[in-house]
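>>> give me coordinates for this.
(chains A, B, C and D)
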2 protein chains.
Amino acid sequence: MSPRRADPRTRPALVDIAARLLAEEGPQALSTRRLATEADSSTMAVYTHFGGMSGLVREIVHEGFARLQRHLTHVRQTGDPVADMALLGRAYRHNALANPHLYAVMFGGASLAGFSLTEEDRQHGRYTLGNVVKCATRCFEAGRFRAEDAELVAHQMWSAIHGLVTLELGGYLIAPYDAERCFEAQLTALMVSSGDDLDSARRSVALSGDRMRAEVEETGGQGLFREAPPA
Amino acid sequence: MSPRRADPRTRPALVDIAARLLAEEGPQALSTRRLATEADSSTMAVYTHFGGMSGLVREIVHEGFARLQRHLTHVRQTGDPVADMALLGRAYRHNALANPHLYAVMFGGASLAGFSLTEEDRQHGRYTLGNVVKCATRCFEAGRFRAEDAELVAHQMWSAIHGLVTLELGGYLIAPYDAERCFEAQLTALMVSSGDDLDSARRSVALSGDRMRAEVEETGGQGLFREAPPA
DNA sequence: CTTAGAAACATATCGGCGTTATGTAATACT
DNA sequence: AGTATTACATAACGCCGATATGTTTCTAAG
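Below is the predicted model:
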């Protein structure tokens, strides 16, 4: 019993390259041969390290969920929980737009090289809902939302924002009803449907827009994975 | 100048078979060779008739949009426009669940054999929103919705329902917050966010549930394309 | 009626894909 | 020191979409 040592750079390099290919050139650029070329190795590396393409994709998907979670946890808890909630929506959309292809694999069910989500993968997705549930509870406590099921409210936020983002990525939202406009309206509508009054909702949504840059856009860099190490 | 006549059964047969393969076995079952085998022809048939796999997929997608439109137009206009609106949502979901793989191609951006939507394809999708816009206008006129932009309201309905259906198809909605429960709550929430009061919205949504079977489920059969001709 | 040409296919082939079988070199434990 | 075990390279298999190149069949012109 004594294995040959793996080059410690091989595995993360493959994930990095794969994530870059997926982000920059889309799903069809992700192939074992292309990876082998870019990583200066053979196609076998994918199989020894990940058991196949689907294993590699799963790795990327997990990182995608982690990044989404990181985006959501960067939203601060303030005295205006409805604004916090709106900002969670903005963060969710921001994350999706930053990695459209990955987002499609995570939620759209884009099969991508025979890869399919397991129930455990999906649980990662549902886990991020915890942030929203907590925020909804705070909205109840502040008297802004009708006292109802916080998880149910969270699911409504999720599916509505997810739907808008999906349509946006699919190119379905164009002027004069472009994604930006629909999104802002959607945020307000969601708060109203949860019990907030129209004027308060509008104010909080506007306020969340002001906080957007500081709490979401400037946290954690742009790319999905770490930048290239210094030369 | 005088072409050989095409076997008039070849082209529709290919579309039928392709639609069936997509519906029953998913995207990966859709290949030129599989089609050639099932249709007792050669792979070239796909190229002469559709210019390639993507052309064939586009044909199926167009039929999918037509079917969606048919589902929506089967919703009657009654004295309760909010119930009509809710029933439009139910019809939308019903159509998506009846053809999940096709729905993923139409809206999820599932690439499927290099196929990608054109702007004209997307216009087909947006066209179906006309039904919702009209219904929203009637909700205004009945005093149920706040007098706002009908198209904007329609977009909100669309993205919210679309998002829920997408998450449902992706397997993200499980008990105790399963798709059925989230969907019912979502319908009510949408009406409330558009201006309807909570009790009226609940009544209309419940009413739309009663109309579901007669106006949606029993119209137009199950499959995407016509049934096999009689022997 | 004849015939030329265009369209509808069939056959064969190409390059690329995921995956597997097989070989080889390197390492850590007995 | 020897051996088992792991990391990789090489080569091959069976798919795939696509194309090049016949071959057949029908239509329309002469």
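
>>> residues in chain A within reach of DNA strand C, list them.
A:1-5, A:30-34, A:43-44, A:47, A:52-54, A:113-114 (Cβ under 7 Å from any atom of the strand). (Glycine included, C-beta is placed from N, CA and C.)

>>> can you list the weak-confidence ranges in chain A?
Along chain A, segments meeting pLDDT under 70 span A:1-2, A:109, A:220-231.

>>> give me the nearest residue to residue A:110, chain neighbours excluded.
For residue A:110, ignoring the flanking residues on the chain, the nearest one in space by Cβ to Cβ, 6 or more residues apart in numbering or on different chains is residue A:104 at 4.4 Å.

>>> before we move on, back to that, are any of the residues of chain A next to DNA strand C buried, and if so which?
A:30, A:31, A:32, A:34, A:53, A:54 (16 or more other Cβ atoms under 10 Å in any protein chain shown).

>>> which ones among those residues are found in helices?
A:32, A:34, A:53, A:54 (DSSP state H).

>>> the third one and residue B:149, how far apart?
Okay, so that is residue A:53. 46 Å (Cβ to Cβ, to the nearest Å).

>>> with residue A:141 instead?
Relative to residue B:149, and taking Cβ to Cβ, residue A:141 is found at 33 Å.

>>> need the buried ones among the residues of chain A next to DNA strand C in a markdown table (columns: distance to residue A:86).
Shown next, in a markdown table, are these (distance: Cβ to Cβ, whole Å):
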| residue | distance to residue A:86 |
| --- | --- |
| A:30 | 35 |
| A:31 | 41 |
| A:32 | 43 |
| A:34 | 41 |
| A:53 | 38 |
| A:54 | 36 |
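
>>> now, the most widely separated pair of these?
For these, the maximum inter-member distance is 16.0 Å, found between A:34 and A:54 (Cβ to Cβ).

>>> would you map the helices across chain A?
Using DSSP H, helices in chain A cover A:10-25, A:32-38, A:44-50, A:53-73, A:81-98, A:100-103, A:119-127, A:129-141, A:150-169, A:179-193, A:198-212.

>>> contacts only, for the residue sitting nearest the centre point of chain A.
Computing the C-alpha centroid of chain A and ranking residues by Cα atoms, centre = their mean puts residue A:68 first, at 3.9 Å. Shown in contact with residue A:68 (Cβ atoms under 8 Å, 6 or more residues apart in numbering or on different chains): A:92, A:95, A:106, A:128.

>>> give me that answer again for 6 Å
Listed by Cβ atoms under 6 Å, 6 or more residues apart in numbering or on different chains, the contact set of residue A:68 reads A:95, A:128.

>>> state the distance from it to residue A:84.
Look at residue A:68 and residue A:84: by Cβ to Cβ, they are 17 Å apart.

>>> same question for residue A:12.
For residue A:12, the distance to residue A:84 - Cβ to Cβ - is 35 Å.

>>> cool, residue A:162 as well?
Applying Cβ to Cβ to residue A:162 and residue A:84 gives a distance of 19 Å.

>>> number of nearby residues for the residue in chain A positioned nearest to chain B?
Closest residue of chain A to chain B, Cβ to the nearest Cβ: residue A:163 (2.2 Å). Using other Cβ atoms under 10 Å in any protein chain shown, residue A:163 has 25 neighbouring residues.

>>> for it, which non-adjacent residue is spatially closest?
Residue A:163 sits nearest to residue B:163 (Cβ to Cβ, 6+ apart), 2.2 Å away.

>>> these two touch, right, that neighbour and residue A:167?
No - if you go by Cβ atoms under 6 Å, residue B:163 and residue A:167 don't touch, sitting 8.4 Å apart.

>>> residue contacts, residue A:14?
residue A:39.

>>> now swap in the one 3 residues further on and tell me
Residues in contact with residue A:17, defined by Cβ under 6 Å, 6+ apart, are A:38, A:39.

>>> give me the distance between it and residue A:36.
10 Å.

>>> please apply the same query to residue A:125.
31 Å.

>>> neighbour count: those two, which is higher?
A side-by-side neighbour count of residue A:125 and residue A:36, using other Cβ under 10 Å, places residue A:125 first with 22 against 17.

>>> contacts only, for the more buried one.
Residue A:125 touches residue B:172, counting by Cβ under 6 Å, 6+ apart.

>>> and residue A:33, by the same measure?
Shown in contact with residue A:33 (Cβ under 6 Å, 6+ apart): residue A:43.

>>> can I get the ones in helices among the buried ones among the residues of chain A next to DNA strand C in JSON lines including distance to DNA strand D?
Shown next, in JSON lines, are those (distance: Cβ to the nearest atom of the strand, whole Å):
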{"residue": "A:32", "distance to DNA strand D": "9"}
{"residue": "A:34", "distance to DNA strand D": "14"}
{"residue": "A:53", "distance to DNA strand D": "12"}
{"residue": "A:54", "distance to DNA strand D": "15"}
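
>>> got a markdown table for those residues, with distance to residue A:172 too?
Listed next are those as a markdown table, based on distance: Cβ to Cβ, whole Å:
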| residue | distance to residue A:172 |
| --- | --- |
| A:32 | 33 |
| A:34 | 30 |
| A:53 | 30 |
| A:54 | 29 |
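
>>> OK, contacts around residue A:168?
residue A:179.

>>> ditto for residue A:77
Taking Cβ under 6 Å, 6+ apart as the test, what residue A:77 contacts is residue A:84.

>>> at 10 Å instead, please
A:84, A:134, A:135, A:138 (Cβ atoms under 10 Å, 6 or more residues apart in numbering or on different chains).

>>> which one among the residues you listed gets closest to DNA strand C?
residue A:134 (39.1 Å; Cβ to the nearest atom of the strand).

>>> pretty sure the closest one contacts residue A:150?
Yes - contact criterion Cβ atoms under 10 Å: residue A:134 and residue A:150 qualify, at 8.0 Å.

>>> what is the burial count for the residue nearest to residue A:110?
24.

>>> isn't it right up against residue A:96?
Yes - Residue A:104 is in contact with residue A:96 according to Cβ under 10 Å; the separation is 9.1 Å.

>>> shared neighbours of these two, which are they?
With Cβ under 10 Å, 6+ apart as the test, residue A:104 and residue A:96 both reach A:166, A:169.

>>> and residue B:158, which of the helices of chain A is closest to it?
Closest to residue B:158 of the helices of chain A is helix A:150-169 (Cβ to Cβ; 7.1 Å).
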